[in-house]
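# With the sequence up front, the predicted model follows.
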Amino acid sequence: MSNELKPTTPSAINIASDTPVSSVQQTGEKNVYANRVDNMNITIQTASIAPQLLTQTPQPTAMTVDRTHYNLFVTYGVDFSQNTPFTVDAERALTEYMDDDLKAEFSPLSSDIIEKIKSFPCIFANENTNYGHTNEEQTLGYGYIRHIKIRRDGMKIYPQILYLLPQQRLNEALFELDILGSSSFNEFNRVHWSIKKIDLIEELHELGFQI
């Protein structure tokens, strides 16, 4: 037996002349029947349906707030009303305005320590516009850290801002907030990240802020 394929020609197909003609039944409205059509153009209208998204709706997560400490971030040119991420240089992260025992408590930044730090309330501020004070329009953010991304030369902080507070009011409460400095120069005048062993929420309440 040969494996060669042989094409079939029309002459090789015998069609009986007495082949019965099939009947066609149509139901519905605006039907069209064509007995024999060589070419037909059909236009099909399709409704535009957006595909279903498979992403899950984010669910709110419970957060445990640790009021024993708070984070103080001072940066420059950040719009905290938009939860804008910002970076902190490694040499200015938890290296200044802190006692040695407090520095040791949060070094190195392991995953467990990062999670603990994220449970502290935070002050997010830009540098004062002047030495030791700022203008009445400048605000800072109160909130929490959503995420910390660690890199070799520093880290990126992703804030979650809950309230905007007048920064000058906190310039006037250095002692209450354990912010180092004086009326001529304080921590709000230097870009850095420090941790304070202070109940920030209680102190803000005493200053008249309804946090």
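Looks like it came in fine.
# Quickly list what Y144 is bridged to.
Q160 (DSSP bridges).
# my read: it touches P159, true?
Yes - judged on Cβ atoms under 8 Å, Y144 makes contact with P159 at a distance of 7.5 Å. C-beta coordinates here come from the backbone N, C-alpha and C atoms, glycine included.
# and L170, what are its phi and psi?
Backbone torsions of L170, given as degrees, to the nearest 10, read phi -80, psi -30.
# is it true that it touches F188?
Yes - judged on Cβ under 8 Å, L170 makes contact with F188 at a distance of 7.5 Å.
# Which neighbours do those two have in common?
A125, I179 (Cβ atoms under 8 Å, 6 or more residues apart in numbering).
# Can you report how many residues lie near C122?
Per other Cβ atoms under 10 Å, the neighbour tally for C122 reads 25.
# Chain neighbours aside, what residue packs nearest to it?
In this structure, C122 finds its nearest non-sequential neighbour in N71, 4.1 Å apart by Cβ to Cβ, 6 or more residues apart in numbering.
# Who are the contact partners of that neighbour?
N71 neighbours (Cβ under 8 Å, 6+ apart): I117, F120, P121, C122, I123, I145, W193, S194, I195.
# Any stretches of the protein with poor pLDDT?
1-62 (pLDDT under 70).
# sec struct for T87, please.
strand (DSSP: H, G, I helix; E, B strand; the rest coil).
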